[in-house]
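Trainee: Provided below for reference: sequence and predicted model.
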Amino acid sequence: MILQPAALALLLIALLVSGMGIYAGYYGMRILGRWDPASGSEGQLELERRTYLVSTIISYVLSFELMSLFLFIYTADDIHLLFTGAMCAAGTLAVNSFGYPTLLLKIVNFLLAGVWLIVNHADNRGYDYPLIKVKYELLNMLVPLLVLESCLLFAYFAGVKPDIITSCCGSLFSQGSGSLSGDLAALPHRPMQIAFFSGMAVTGISGLFFYLGPITGISALTTPFLVRKPQKLISNLLKGRVGYLFSAASAVTFLIAVASILSFICLYFYELPSHHCPFCLLQKEYGFIGYVLYATLFGGAVAGIGTGVLMPFRMVGSLARIIPDIQRRLALVTLVCYLSFTLIVVWEMIFSALTLG
Amino acid sequence: MKRAVERHLNILEFTLASLLRRRAKNLSLLAMYLLVIFMLASLLFFVTALKREAAIILSDAPDMVVQRLVAGRQDLVPAGYSAEIARIRGVTAVRPRLWGYYYDTLNGANYTVMASDDPAVKPEWASIGAGVAQSRNLAVGDLLPLTSYDKTPLMVEIGLIFPSSSNLIAADLIVISPGDFTRLFNFPNGQATDLAVTVRNPKELPTVAAKIASRFPDSRPILKSEIQRTYQSIFDWRGGMTLIVLASSLLSFIIFAWDKATGLSAEERREIGILKSIGWETSDVLLLKFWEGVVISLTAFLLGTVLAYGHVFFLSAPLFAQALKGWSVIYPRFQLVPVVDAYQLALLFFLTVVPYTTATVIPCWRAATIDPDAAMRY
Amino acid sequence: MIELSGITKSFNGGKPNQFTAVDNVTLTVSPQQITAFKGPSGSGKTSLLTMIGCMARPTSGRIFLRGVAAAVPFQQEGVDAVEITSLPERFLNEIRRSTFGFIFQQFNLVKGITVLENVMLPAYPTGEGRALFRARAESLLEQFGIARLAGQRVELLSGGELQRVAITRALINNPSIIIADEPTAHLDSKLSRDFMEIVGRLKGEGKSVLIASHDPIVFDSPLIDTLVEMRDGTVTDSRSCR
């Protein structure tokens, strides 16, 4: 194990986050088991008080997860010198088989915690705790993942010794390497570009429909082209389903965008046709543009997925008035974030010194 | 949106006022928090600055140094090796280096003695480091008596004292001519301490090193990158060890903070009860407690890091120096170049503010969920 | 109008020291009137008032608030009244903040801050602009004749002054219902009568006032519209005084 201040800090955070998660999960289970909002008994009051604690804990977990995600990448980058062949964070993470899984799990946990907070926010606005079961079941999913992430992090640092030969990002992300990241980079540019822009387009259009309301949105866009009957048919089909489409599109586009970063986007920033490392974007040399890109992407993904998670509850009792509003705001967030992301990418594609065939 | 901002501002204002009202309790907490941050920040700044210095210095080191091992111990390298190595494809230069350690009986110090081909270094003439000058009370023009291995004295005139800004590498250094060097150590002719090898293309280094090792099985080629890695490892390890040692103080601070947060005085309890009874909601009181934590953490963090900066970069960290630099008779007294970046601050934040926040979550929540009913009854 | 139906409040339920403060109370409180709750200490008046005022939840039973819809930020489906017993705390709090103003037996003012700050305190978390509620606070202090005490610490005030500060604080968010728990307990007869005068003024402004007291100056006052007598957690008598 590297007895290094940063590693120790990350492990400490992981410990704290897991501990808090288990604590929150325990009370979540109790709340699930004994919840009875109609009763005024002391037990029920105590449970209602506990919900505040759980929300506070998960908000902290979310912010710690996000910060430790970046700290993890930065630390991996900082210690890359200790491993022959590692040129940046990408190499450090490849040192043993726990590096990339930890990173992926951190991202997943961040998204999950973000979605949880969105559901929590919606639940709090309803006057009869309408989403309480959904919320705490989601928590039951999140907590084991948090613990798993800590275990992976421990395993990673335990298996790290300086001077271990590893592949640097040159060979890790270049064509021909058998690992997953190698495969992604091997994806030819054209199809990836097409996938990326179509993904963004589908998300954007469905998001716009969703934001403006399915009927008005459709009418606005299709009136010049369709006669009345097919228009009515389409609007009936889509009513209520645009939300699901939008959410699914935003999630899929998130994945496509990450793959695109590896495949062609970072090439434009580095102005090198073979440098596929997604972490070097976070460096000073590139103006820390990586932070902006990832912030918009992650933010948009959380908001988009949150919209989808809330969809089944749109018409439920106390939420009927609240959820559509929340969803519209989330959709707006996703649209703005993804649009910014796309604009930055397009800008770079146009003005970069590199041109891909 | 505006309502949310107003709410935060109003509650923040109340928080500040209430913190000032309980000055004694909050000052003691702040003092301990400050101390912990100060210690950890000093540690981090010091280690990072050392690593940075080492990296800068090592960037001028030769690409590869070839040593010779006999029975696992370093031995002298014959001149013949350098000729053969120079013929390897990709090698641009091979320079045999003469250096060694000289033990000074007078003060028990070890000096590093180097031979230099620089024509400015005349026979019976030396340049010395500031540490040597100080411990032997020497100035330019003085004579330094050195005892060679056959017990005959070698007097060298001090021609130059290296500036103290170079102390990290030159504090204990004595540079003399190759002839004097050979005399001093009774050094066999045609041998060198090690060989400094320069290679045209840095990417070829591992290949060249492999060739040298296979041609001369008793040689040990050491790459500059390996030296850099090793130094970074050492500093990291030392930093980590010291951190573990400090962990006990961090832990006691956390327990202290938790205790302070849990132990609400009757007055504080009553005050929160009153707030709840006049219309403050649990989430409002939670916000109050949150801002309290933020204000205290931020103040402690700022003051702690500023003090640590002064401690490390103006006073050279007297508290840590021993643990981190190692023990030696000649202690290079050097001023570290200030290096503070967002990464270090983030690390510091993770080591201090995050545990503090975690420790106070439950006590704050307990405070926030005080029953307003209770306020009605007293 | 406030309707209570089968309200029970007990503590330590299920344990040997179970204690019932309010036992199966069914009651209607009319709006824009002064209702007095009379009874010895321990009769459950305070508990009942805290439940009416959305500060505590009954163990069982239902409470309906009618006609306070204007202050309620949401609407339950198909009902013209708000049933508050199963509301989450934040909603209860919303209602309480905008509908009720409390005057406590011990005044419950925060020590160490000024009179003005005490009066403004209930408005801090509402997100209202500071300038707005500050102006309102100052005009209220003016109205009750204690404007000169605005910058003073509450520790230095007399009983009557504290009483007025407490009343002013209760009015800062413009509530339609005032609840006072043993308001004259620490006051002499003159100040008690002054208090009843203020209560009459509040009624004149269209507010409803609920007072719990065992002070004859209060429950024998001609201003009282309805008198509710309580003993051992139950309502023994409820009559109109008009």
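Mentor: Sure thing, it's come through.

Trainee: What count of nearby residues applies to the residue of the stretch 101-250 of chain A found nearest chain C?
Mentor: Closest residue of the stretch 101-250 of chain A to chain C, C-beta to the nearest C-beta: residue A:127 (5.0 Å). All C-beta spots, glycine's among them, are computed from the backbone N, C-alpha and C. Residue A:127 is surrounded by 24 other residues when neighbours are defined as other C-beta atoms under 10 Å in any protein chain shown.

Trainee: for residue C:169, same thing?
Mentor: Neighbourhood size, residue C:169 [other C-beta under 10 Å]: 28.

Trainee: would you list every one of the strands in chain C?
Mentor: Under the criterion DSSP state E, strands of chain C are mapped to C:2-11, C:19-29, C:34-38, C:60-66, C:81-83, C:100-103, C:177-181, C:208-213, C:226-231, C:234-240.

Trainee: before we move on, what about the stretch 151-300 of chain B?
Mentor: Along the stretch 151-300 of chain B, the stretches classed as strands by DSSP state E, counting those that start in this stretch are B:153-161, B:173-176, B:191-192, B:194-199, B:219-223.

Trainee: pLDDT below threshold where in chain C?
Mentor: Low-confidence segments of chain C, defined by pLDDT under 70: C:13, C:68-80.

Trainee: residue closest to the middle of it?
Mentor: Nearest residue to the geometric centre of chain C (C-alpha atoms, centre = their mean): residue C:179, 1.7 Å.

Trainee: residues in contact with the residue nearest to residue C:212 when sequence neighbours are not counted?
Mentor: Leaving aside its sequence neighbours, residue C:212 sits nearest to residue C:45 (C-beta to C-beta, 6 or more residues apart in numbering or on different chains; 3.8 Å). Residue C:45 is in contact with C:37-39, C:181, C:212, C:230, counting by C-beta atoms under 8 Å, 6 or more residues apart in numbering or on different chains.

Trainee: ditto for residue A:250
Mentor: The contact partners of residue A:250, by C-beta under 8 Å, 6+ apart, come to A:203, A:207, A:300-301, A:303-305, A:307-308, A:334, A:338.

Trainee: check contacts around whichever residue of chain C sits closest to chain A.
Mentor: When distances are taken as C-beta to the nearest C-beta, chain C reaches nearest to chain A at residue C:57, 4.3 Å away. Residue C:57 is in contact with A:40, A:45, C:51, C:85, C:92, counting by C-beta under 8 Å, 6+ apart.

Trainee: swap the cut-off to 6 Å and go again
Mentor: Residue C:57 makes contact with residue A:40 under the criterion C-beta atoms under 6 Å, 6 or more residues apart in numbering or on different chains.

Trainee: Quick check: phi and psi on it?
Mentor: According to degrees, to the nearest 10, the main-chain angles of residue C:57 amount to phi -100, psi 140.

Trainee: roughly how far apart are it and residue A:40?
Mentor: Relative to residue A:40, residue C:57 is positioned 4 Å away (C-beta to C-beta, to the nearest Å).

Trainee: for residue A:140, same thing?
Mentor: Relative to residue A:40, residue A:140 is positioned 27 Å away (criterion: C-beta to C-beta).

Trainee: the more surrounded of the two?
Mentor: Looking at residue A:140 and residue A:40 with other C-beta under 10 Å, you find the greater number of neighbours at residue A:40, namely 22 against 13.

Trainee: so that one, which of the three states?
Mentor: For residue A:40, the secondary structure call by DSSP: H, G, I helix; E, B strand; the rest coil comes out as coil.

Trainee: quick one: it and residue C:59 touch, right?
Mentor: Yes - using C-beta atoms under 6 Å, residue A:40 is in contact with residue C:59, at 4.7 Å.

Trainee: which bits of chain B sit near chain C?
Mentor: Where proximity means C-beta under 6 Å from any C-beta of the partner chain, the interface of chain B facing chain C comprises B:3, B:6-7, B:10-11, B:21, B:271, B:274, B:278-281, B:284, B:372-373, B:375-376.

Trainee: Burial-wise, tell me which of the strands of the stretch 151-300 of chain B comes out on top.
Mentor: When the strands of the stretch 151-300 of chain B are scored by mean count of other C-beta atoms under 10 Å in any protein chain shown, the highest mean neighbour count falls to strand B:173-176 (a mean of 24).

Trainee: For chain C, which segments count as helices?
Mentor: Counting by DSSP state H, residue ranges of the helices within chain C are C:45-52, C:89-99, C:115-120, C:130-143, C:159-171, C:189-204, C:216-219.

Trainee: Please enumerate residues in contact with stretch B:128-139?
Mentor: So stretch B:128-139 is in contact with B:107, B:111, B:158, B:161-162, B:164, B:167, B:170-174, B:330, B:332, going by C-beta under 6 Å, 6+ apart.

Trainee: for the record, mean pLDDT for that stretch?
Mentor: Averaged across stretch B:128-139, the pLDDT comes to 87.

Trainee: any idea which element the most centrally placed residue in chain B lies in?
Mentor: By C-alpha atoms, centre = their mean, chain B has its centre lying nearest to residue B:47, at 1.7 Å. Element membership for residue B:47 (DSSP states H and E) is helix B:23-58.

Trainee: Just the buried positions in that helix, please.
Mentor: Buried positions in helix B:23-58, judged by neighbour count with 16 or more other C-beta atoms under 10 Å in any protein chain shown: B:26, B:29-30, B:32-34, B:36-54, B:58.

Trainee: Domain map for chain A?
Mentor: Chain A is divided into the following domains under automatic domain parsing: A:1-172, A:173-357.

Trainee: what's the least confident stretch among these?
Mentor: Of all the domains of chain A, domain A:173-357 has the smallest average pLDDT, which comes to a mean of 79.

Trainee: ok, the residue in chain A positioned nearest to chain C to residue A:318 distance?
Mentor: Using C-beta to the nearest C-beta, the single residue of chain A nearest to chain C is residue A:40, 4.3 Å away. As for residue A:40, its distance to residue A:318 is 19 Å (criterion: C-beta to C-beta).
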